[in-house]
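*Asks:* take a look and give me a structure for this.
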Amino acid sequence: MHKAKNGAVPGEQVKRDENSRRGNWGNQIEFVLTSVGYAVGLGNVWRFPYLCYRNGGGAFMFPYFIMLVFCGIPLFFLELSFGQFASLGCLGVWKVSPMFKGVGYGMMVVSTYIGIYYNVVICIAFYYFFMSMTNLLPWTYCNNPWNTPDCSGVVGASRFNSSLANASAAVSSLAELVNHTKRTSPSEEYWKHKVLNISDDIGNFGEVRLPILGCLAVSWVVVFLCLIRGVKSSGKVVYFTATFPYLVLTILFIRGITLDGAVNGITYYLTPQWQKILDAKVWGDAASQIFYSLGCAWGGLITMASYNKFHNNCYRDSIIISVTNCATSVYAGFVIFSILGFMAHHLGVDVSQVADHGPGLAFVAYPEALTLLPISPLWSLLFFFMLILLGLGTQFCLLETLVTAIVDEIGTDWIIRNKTFVTLGVAIAGIYWLLLMDNYAASFSLVIISCIMCICIMYIYGYRNYFKDVEMMLGFPPPIFFKICWRFVSPVIITFILIFTVIQYKPITYNDYIYPNWSLVIGFAMALSSVICIPIYALYKIAMSDGSSFLERFKNSMKPDQSWGPALLEHRTGRYAPGGPLGPDGGLEVRPLKEERKEEEKEKLDEISLTIQGSNGSTHNPTPSA
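*Replies:* All right, here's what the predicted structure looks like:
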């Protein structure tokens, strides 16, 4: 079958599902938007700007984009092509080498942890969104039941009430602001004492916050309804969830740059401190941010790509989505720091004293800055609605990853027809698992999973085999740059991230609270729960494989399964064709690289001996045709 240069097949129908049993995206725009929504998440808004100003401002952009080119885009392309070729989720694709199926289970565990964490953050964003539906934001002043004597607001009391009593309170508040070396803002106390009602110790679970529990239920219901028909329904929802945050960012950016002090914030954000380029920590943060923000090793990329049509140009998609994700991070930095610059100008302090990271930026620093704006509830509604949509875009893919893995693994017609009930079951289970696991679940375990995936595909299955698979799917081989990155550069960078993560490790803290050792042990156990899947399943697969000795079973467990390859018979050509080359165990024969290289050299010699190139560019075959 002749394939066009861009990977499309002339005459192929576009409207109908190519894989009628499993389903495909309605069109390629849905896949791109879903992948953008998956990659562009909360970390783009609250982690990247913080890392940028902490690691040299504009100078951080240099290692950031270096890591994007040599690690981010290649890994993104690898996972998309992997899932698209086999049309299977993060469990099924390991038919390529069954011994490594534990990597797929590890991806499922990671997606479960991060999915639970993400929905908790979404539910808090829902809570703030609902609380913003008022004439006065509840975290504006310090005269609420949850405030402490240390609270010091930044909004003048005259805006609230001009009475003498409130004027006296304003003078007292100003004195406290001067006398305290570190003030406690109304937004911080609202976050700690009203929203979370934080207990004094991790062992003290405190009470169930019914408003938060209700918002958590709302967030899970929204996710379930958007995924009720799988990619057929989520593909339509992403037209809104993936694009509207950009509209909100643009509105907030236009508003931000018109405020006093905005230029100072943006200058602080972009001013390069070139001396930090030589700091290994800066390069480690850049690599980690690229790695985690693109969502590699979560299983979501493989899952989303598995619903593509076989000849879709995922090479083009990987570049578009990766660049869009990183450009969004940079753009969000302008939005955040224009507002923080205004806040610093209002308080008369340096930008570094109002900047924060993580949830502190989204639920403390930024909400406080919003109270200084005219019509503050409007801007608060827009900001938290944007956070909700950013979280939902990632959550759709995380939940679909789990559902698709379960459905593909069982594989019966009944489970495929009743996929909605699987989605409902996963959503209900998520409501009860209210644990914040991101600090451990999304750290070194992702790096290990990604590294093992590269080793398996490039060196166990064989890079020549995989390059041929990609060429068969796209109509052209992977560019030489990606071949080099997949085999050498990206694994080295991943190893660097792993080593740097271990060296840089510090026990997690929350402000001044130091977590007890037993809680750190639980955290490490959670991280290991995803990685431990890999050796456990490998040992199981070796034990269950055919062979009279351990070495034979070990070799057989690594051979591709007989069903490995394109999902549809029409795409199973060449060595995947019925009656094609099979190994002694019935699986696909994956020959050693040395034998394959010798065979290719022999083919080239045969071509040279049989083909004589004429001076006018025509080809003459000295052997007369019959």
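
*Asks:* so E18: helix, strand or coil?
*Replies:* Assigned by DSSP: H, G, I helix; E, B strand; the rest coil, the conformation of E18 is coil.

*Asks:* if you could redo that for V208, that was the one I meant.
*Replies:* Applying three-state DSSP: V208 is coil.

*Asks:* count residues in the vicinity of it, would you?
*Replies:* A count of neighbours around V208, defined by other Cβ atoms under 10 Å, yields 9. C-beta coordinates here come from the backbone N, C-alpha and C atoms, glycine included.

*Asks:* before we move on, what about the one 10 residues further on?
*Replies:* For V218, the number of neighbouring residues by other Cβ under 10 Å comes to 15.

*Asks:* give the contact list for the nearest residue to it once chain neighbours are set aside.
*Replies:* Spatial nearest neighbour of V218, excluding adjacent residues (Cβ to Cβ, 6 or more residues apart in numbering): F126 at 5.7 Å. Residues near F126 by Cβ atoms under 8 Å, 6 or more residues apart in numbering: C215, V218, S219, F384, I388.

*Asks:* the third one sits in which helix or strand?
*Replies:* Think S219. Per DSSP states H and E: S219 is located in helix 210-226.

*Asks:* tell me the first helix or strand C-terminal of that helix.
*Replies:* Sequence-wise, the next helix or strand downstream of helix 210-226 (DSSP H and E) is helix 231-241.

*Asks:* pLDDT below threshold where in the stretch 251-400 of the chain?
*Replies:* Residue ranges of the stretch 251-400 of the chain with pLDDT under 70: 355-358.

*Asks:* quick one, helices of it?
*Replies:* Using DSSP state H, counting those that start in this stretch, the helices of the stretch 251-400 of the chain run over 262-270, 280-293, 300-305, 314-347, 359-360, 366-370, 376-410.

*Asks:* and the residue nearest to V218, its phi and psi?
*Replies:* phi -60, psi -40 (degrees, to the nearest 10).

*Asks:* grab the most central residue of this protein for me.
*Replies:* Nearest residue to the geometric centre of the chain (Cα atoms, centre = their mean): G295, 2.4 Å.

*Asks:* centre of the chain to the helix holding S219, how far?
*Replies:* Averaging C-alpha positions (Cα atoms, centre = their mean, to the nearest Å) puts helix 210-226 21 Å from its chain's average.

*Asks:* and that helix, what does it pack against?
*Replies:* Helix 210-226 sits against helix 101-131, helix 231-241, helix 376-410, helix 419-432, with contacts defined as 3 or more Cβ pairs under 8 Å, 6 or more residues apart in numbering; DSSP states H and E.

*Asks:* wait, which of the ones you listed is closest to G547?
*Replies:* Proximity to G547, assessed across the helices and strands packed on helix 210-226 by Cβ to Cβ, is greatest for helix 101-131 (18.0 Å).

*Asks:* list the buried ones in the closest one?
*Replies:* Within helix 101-131, the residues scored as buried using 16 or more other Cβ atoms under 10 Å are 101-129, 131.

*Asks:* between that helix and helix 210-226, how big is the angle?
*Replies:* Taking axes from the mean of the first three to the mean of the last three Cα atoms, to 10 degrees, one finds helix 101-131 and helix 210-226 inclined to each other by 120 degrees.

*Asks:* mean confidence (pLDDT) on helix 101-131, please.
*Replies:* Here helix 101-131 scores 91 as its mean pLDDT.

*Asks:* likewise for stretch 538-548?
*Replies:* Here stretch 538-548 scores 94 as its mean pLDDT.

*Asks:* buried sites along it?
*Replies:* Within stretch 538-548, the residues scored as buried using 16+ other Cβ under 10 Å are A538, K541, I542, S545.

*Asks:* quick one: what helix or strand has the second one in it?
*Replies:* Right, K541. Using DSSP H and E, K541 sits within helix 533-544.

*Asks:* quick one: list the elements packing against that helix.
*Replies:* In this structure, helix 533-544 packs against helix 101-131, helix 444-455, helix 550-558, with contacts taken as 3+ Cβ pairs under 8 Å, 6+ apart.

*Asks:* can you rerun that using 6 Å?
*Replies:* Counting contacts by 3 or more Cβ pairs under 6 Å, 6 or more residues apart in numbering; DSSP states H and E, helix 533-544 packs against helix 101-131, helix 550-558.

*Asks:* so what touches it?
*Replies:* The contact list for helix 533-544 (Cβ atoms under 6 Å, 6 or more residues apart in numbering) reads P98, M99, K101, G102, V103, Y105, G106, R553, F554, S557.

*Asks:* redo that, cut-off 7 Å
*Replies:* Residues from elsewhere that reach helix 533-544, judged by Cβ atoms under 7 Å, 6 or more residues apart in numbering: P98, M99, K101, G102, V103, Y105, G106, V109, I452, R553, F554, S557.

*Asks:* out of the helices and strands packed on helix 533-544, which comes closest to G265?
*Replies:* The closest of the helices and strands packed on helix 533-544 to G265 is helix 101-131. By Cβ to Cβ, the value is 22.2 Å.

*Asks:* re the thing from before, pull the most distant pair out of the contacts of helix 533-544.
*Replies:* V109 and R553 (26.0 Å).

*Asks:* just tell me which of the helices of the stretch 251-400 of the chain ends up closest to G56.
*Replies:* Of all these, helix 280-293 comes closest under Cβ to Cβ, at 6.1 Å.

*Asks:* all helices for the stretch 451-600 of the chain, in order.
*Replies:* Under DSSP H, counting those that start in this stretch, the stretch 451-600 of the chain gives helices at 463-474, 480-484, 490-504, 517-531, 533-544, 550-558, 593-610.

*Asks:* right, so those helices: which one is the most enclosed?
*Replies:* The highest average neighbour count among the helices of the stretch 451-600 of the chain, using mean count of other Cβ atoms under 10 Å, belongs to helix 463-474 at a mean of 19.

*Asks:* helices or strands up against that one?
*Replies:* Applying 3 or more Cβ pairs under 7 Å, 6 or more residues apart in numbering; DSSP states H and E, one finds that helix 463-474 contacts helix 73-86.

*Asks:* I'd like the helices of the stretch 451-600 of the chain as CSV, with distance to P566 appended.
*Replies:* Output for the helices of the stretch 451-600 of the chain, formatted as CSV (distance: least, Cβ to Cβ, whole Å):
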stretch, distance to P566
helix 463-474, 8
helix 480-484, 21
helix 490-504, 25
helix 517-531, 29
helix 533-544, 23
helix 550-558, 21
helix 593-610, 20
